[in-house]
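>>> Any chance you could fold what I've pasted below:
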Amino acid sequence: MADETNGAASGAQLSLQKVYIKDASFEVPGAPQIFQEQGQPQIQLNLQQQVGVIAENIYEVVLTVTVTCKLAEKTAYLAEVQQAGVFGLSGFDQQNRDAVLSTYCPNVLFPYARSAVSNLVQDGGFPPFLMQPINFEALYAEQMRRQAEGATPNA
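You can find the predicted model right below:
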């Protein structure tokens, strides 16, 4: 009886149903000459996130990681991975659901994306690229702060 009460009281449930690579690409436009280039590589990292509704209380979260490496103004490589997951969320109010989808879910997907990007880069003939951890909570807080500022009318 106590278990039923506790379950009903907490109400919120989260489940990871599937993790998969939705899309991956790797390009070396200047191969093989780019392997002869000398200099300090310039790395640009771009993260994007999308949330889609699959069914009631079922969401697909896609974390897109794009890494562009340039040597002497030439693109050495371009790696892009869309790491996706299917998550079940129920019993959350909209604000908490959005927070979970924007912070917890990308945190779950990130290690898979990091590994996929690292493997693509290394298999492409370049030194391994190890992405540093990302603080998705801070990114979400910044996004919420910007939205709040944008919604505030200028007095």
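>>> hey, which helix or strand in the chain has the poorest pLDDT?
In the chain, the helix or strand scored least confidently by mean pLDDT, DSSP states H and E is helix 2-10, which has a mean of 43.
>>> Helix or strand next in line after it, which one?
Next in sequence after helix 2-10, counting helices and strands by DSSP states H and E, comes strand 13-27.
>>> so how far is the helix or strand just after that following strand off the chain centroid?
Following strand 13-27 in sequence order, the next helix or strand is strand 42-55 (DSSP H and E). Counting by C-alpha atoms, centre = their mean, to the nearest Å, strand 42-55 is centred 5 Å from the centre of its parent chain.
>>> Which elements pack onto strand 42-55?
Applying 3 or more C-beta pairs under 8 Å, 6 or more residues apart in numbering; DSSP states H and E, one finds that strand 42-55 contacts strand 58-71. Every residue, glycine included, has its C-beta placed from N, CA and C.
>>> residue contacts, the closest residue to residue 31 other than its chain neighbours?
Spatial nearest neighbour of residue 31, chain neighbours left out: residue 125 (7.8 Å); criterion: C-beta to C-beta, 6 or more residues apart in numbering. By C-beta atoms under 8 Å, 6 or more residues apart in numbering, the contact set of residue 125 is 28, 31, 35.
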